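Chemist: Everything below, folded, please.
(one chain, ligands or ions: 1)
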Amino acid sequence: MSMGLVTLLLLLLLLALAWRSWGVQGTWKRGALPPGPTPLPLLGNLLLLQSGRLDRTLMELSGRWGPVFTLHLGPRPAVVLCGYAALRDALVLQADTFSGRGAMAVFERFTRGNGIVFSNGPRWLTLRNFALGALKEFGLGTRTIEERVLEEATCLLEEFQATIGVPFDPRRLLDNAVSNVICSVVFGNRYGYRDPEFLRLLDLFSDNFRIMSSRWGEMYNIFPSLLDWLPGPHHRIFRNFAELRVFISEQIQRHRQTRQPGVPRDFIDCFLDQMDKEQQDAESHFQEETLVMTTHNLFFGGTETTSITLRYGLLILLKYPEVAAKVQEELDTVVGRIRLPSQADRARLPYTNAVLHEIQRFISVLPLGLPRALTRDAHLHDYFLPKGTSVIPLLMSSHRDPTQFKDPDCFNPTNFLDDKGNFRSNDAFMPFAPGKRMCLGAGLARLELFLFLTAILQRFRLLPVRSPAHLDLTPQYTGLGNLPTTFQLHLVAR
Ligand code: HEM
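Modeler: Numbers count the residues shown, from 1 in each chain. Here you go, the predicted model:
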């Protein structure tokens, strides 16, 4: 078959599938939404999104269409919120209305609207409140979790120490350390840095996050029915998810066999206790499948974003050794080198705190956040938005908003410092997204970033294998997440 014929057939298939989903969803309400670039039938604004950097393209489109505009990802419209003011006016000032979760095909096929991240309505609220309560019971927000992170930091430092003199890619060690913290809360145990089964799981996470942040992931979210038929790496996402599901189901099974009802050891036990309590209730949200998905949410959510932020942070500090040196100087003065830094030191480490914020601002690890949906009709910036409208909260645009940060495209810790060198917060800083749907693990993530990064800097000097001038901070993958290029870290004891 000639290439021309294949292309024609594919186009016809695309048209047929897109037409179907267009009709089925019934979301095409032209005229009801804010203006935006004219969509082509079925393809929507796809041709405008060729650059490979969706976040940048949306910010450029906002220059032409304003801070609230409509974009068609394939046949479906979504309202993009761009810049600090639009994000605040929607997600903070109309928090309830903007607290729905929008669809994301790549997750939908796996979660089917179950779990915390991709559910809506009473199920979401019940699971979110339950998870927050259970995580608190196992130490989140208390000294207990801080001690757990510090223990893990000590293990990580030992592993780093063993690499002295030999450059290495820090990805797996960081993934393992970060994941162990959430594992101890959810599964009740941590995993060794050489445990082959666990390393395999971490590779599955990382592979999935990478594919989801590539063009394949982007296209899958736009044309899922078509992509289901086309060969490509996106199929791996679902195989990886299936393998993760087996691991989680086995963990749940083990918990069932060894638990003592009413005496929970971890999140899974807590959930099983709640399932027992509600077993007579046919409407209960506490079902086996929900436990699998919620556990997956915490496990996946608690690993990739935090670990990537740490890794990107190290790359940035390699690029700017003078910033790393200043953090080390502050740590030496305030904490010394005998004990590890602790959360209580944070208020006395304004420069370090500013660097951590600036890392998160600069990288915008989830540049488009996660899609939201309107729980009721709303008005925003003089536009009427009907209930159910999909919303893309372009978090990165707040971080790059020139009205909020000076030189927003440059890495500059003084964005979070006042003239006297005190730490200065900024409401436009929103890596965890604001509002009712804000990241459930934000407190834990902040704690981990602070304790892991300061422990590493207190102990080691970071040397790049290539000269800092050659280190490229542009994300290697960008889509769901902004991922740094792979790099080698060369550590020297201080
Ligand atoms: C640097 C690390 C992290 C970043 C930047 C991050 C960012 C985000 C963002 C932007 C969202 C979407 C919020 C929204 O829709 O408005 C989110 C949701 C979520 N995150 Fe995180 N996250 C991080 C770490 C964590 C950790 C450690 C956990 C686990 C304890 C976690 C669990 C979740 C969950 C369960 C949700 C869904 C919340 C909901 O839909 O109600 N995240 N996160």
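
Chemist: Just give the nearest non-adjacent residue to whatever residue of the chain ends up closest to the ligand, would you?
Modeler: With C-beta to the nearest ligand atom, the shortest gap between the chain and the ligand falls at Gly441, namely 2.1 Å. In this view, the C-beta of every residue, glycine as well, is placed from N, C-alpha and C. What sits nearest to Gly441 in space, not counting adjacent residues and going by C-beta to C-beta, 6 or more residues apart in numbering, is Gly302, at 5.4 Å.

Chemist: So, low pLDDT: which residues of the stretch 51-200 of the chain?
Modeler: Residue ranges of the stretch 51-200 of the chain with pLDDT under 70: 51, 141.

Chemist: residues contacting the residue lying closest to Pro402 once chain neighbours are set aside?
Modeler: Excluding its sequence neighbours, the residue lying closest to Pro402 (C-beta to C-beta, 6+ apart) is Pro408, at 5.5 Å. Contact partners of Pro408, counting by C-beta atoms under 8 Å, 6 or more residues apart in numbering, are His399, Arg400, Asp401, Pro402.

Chemist: helix, strand or coil for Pro408?
Modeler: coil (DSSP: H, G, I helix; E, B strand; the rest coil).

Chemist: What pLDDT does the model give it?
Modeler: Note for Pro408: predicted pLDDT of 97.

Chemist: Can you pull the phi/psi pair for it?
Modeler: With angles defined as degrees, to the nearest 10, Pro408 sits at phi -60, psi -20.

Chemist: The one 3 residues further on now?
Modeler: According to degrees, to the nearest 10, the main-chain angles of Phe411 amount to phi -80, psi 120.

Chemist: That one and Tyr320 touch, don't they?
Modeler: Yes: counting by C-beta atoms under 8 Å, Phe411 does reach Tyr320; the two are 6.5 Å apart.

Chemist: Point out the residues in the stretch 351-494 of the chain that sit beside the ligand.
Modeler: 365-366, 369-370, 372, 431-433, 437-441, 444-445 (C-beta under 6 Å from any ligand atom).

Chemist: Widest-spaced pair of those?
Modeler: Arg372 and Leu444 (22.3 Å; C-beta to C-beta).

Chemist: and the stretch 101-250 of the chain, which residues reach the ligand?
Modeler: So far as C-beta under 6 Å from any ligand atom goes, the stretch 101-250 of the chain lies against the ligand at Arg101, Ile116, Val117, Arg128, Ile182.

Chemist: Make JSON lines out of these and add secondary structure and neighbour count.
Modeler: Putting these into JSON lines (DSSP: H, G, I helix; E, B strand; the rest coil; neighbours: other C-beta atoms under 10 Å) gives the following:
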{"residue": "Arg101", "secondary structure": "strand", "neighbour count": "22"}
{"residue": "Ile116", "secondary structure": "coil", "neighbour count": "26"}
{"residue": "Val117", "secondary structure": "coil", "neighbour count": "23"}
{"residue": "Arg128", "secondary structure": "helix", "neighbour count": "17"}
{"residue": "Ile182", "secondary structure": "helix", "neighbour count": "25"}
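
Chemist: from the residues you listed, which is closest to Leu272?
Modeler: Ile116 (17.1 Å).

Chemist: Now do the same for the nearest residue to Val92 once chain neighbours are set aside: helix, strand or coil?
Modeler: Computed as C-beta to C-beta, 6+ apart, the closest residue to Val92 that is not its neighbour in sequence is Pro434, at 4.9 Å. Put simply, Pro434 is coil when judged by three-state DSSP.

Chemist: Wait, Pro434 touches Leu91, no?
Modeler: Yes: at 5.0 Å, Pro434 and Leu91 qualify as touching, with contact defined as C-beta under 8 Å.

Chemist: ok, these two, which is more surrounded?
Modeler: Leu91 (26 against 23; other C-beta atoms under 10 Å).

Chemist: SS state for the more buried one?
Modeler: Applying three-state DSSP: Leu91 is helix.

Chemist: Quick one: residues contacting Glu358.
Modeler: Applying C-beta under 8 Å, 6+ apart, the residues near Glu358 are Phe411, Asn412, Pro413, Asn415, Phe416.

Chemist: Now do the contacts for the second one.
Modeler: Contacts for Asn412 were tallied using C-beta under 8 Å, 6+ apart; they are Glu358, Lys406.

Chemist: Kindly recompute the last result at 10 Å.
Modeler: Tyr320, Val323, Ala354, Glu358, Arg361, Phe362, Phe405, Lys406 (C-beta atoms under 10 Å, 6 or more residues apart in numbering).

Chemist: Please pick the buried ones from those residues.
Modeler: Tyr320, Val323, Ala354, Glu358, Arg361, Phe362, Phe405 (16 or more other C-beta atoms under 10 Å).

Chemist: doesn't Ala469 make contact with the first one?
Modeler: No: contact between Tyr320 and Ala469 fails when scored by C-beta atoms under 10 Å: they sit 11.3 Å apart.

Chemist: quick one: which helix or strand includes the residue nearest the centre of the chain?
Modeler: Centroid-nearest residue in the chain, with C-alpha atoms, centre = their mean: Thr305, separated by 4.4 Å. Under the criterion of DSSP states H and E, Thr305 resides in helix 304-319.

Chemist: Would you mind giving both backbone torsions of Tyr477?
Modeler: The phi/psi pair for Tyr477 (degrees, to the nearest 10) is phi -120, psi 150.

Chemist: need the contact list for it.
Modeler: Neighbouring residues of Tyr477 by C-beta under 10 Å, 6+ apart: Gly52, Phe209, Arg210, Ile211, Met212, Ser213, Ser214, Arg215, Gly217, Leu483, Pro484, Thr485.

Chemist: From Ala131, how far off is the third one?
Modeler: According to C-beta to C-beta, to the nearest Å, Arg210 and Ala131 sit 27 Å apart.

Chemist: One more: the fifth one?
Modeler: Computed as C-beta to C-beta, the Met212 to Ala131 distance reads 23 Å.

Chemist: do the first one as well
Modeler: In this structure, Gly52 lies at 35 Å from Ala131, with C-beta to C-beta as the measure.

Chemist: Ok, the fourth one next?
Modeler: Per C-beta to C-beta, Ile211 is found 27 Å from Ala131.

Chemist: Kindly report the same for Pro167.
Modeler: 40 Å.

Chemist: can you check Gly421 too?
Modeler: Counting by C-beta to C-beta - Gly421 and Ala131 are separated by 38 Å.
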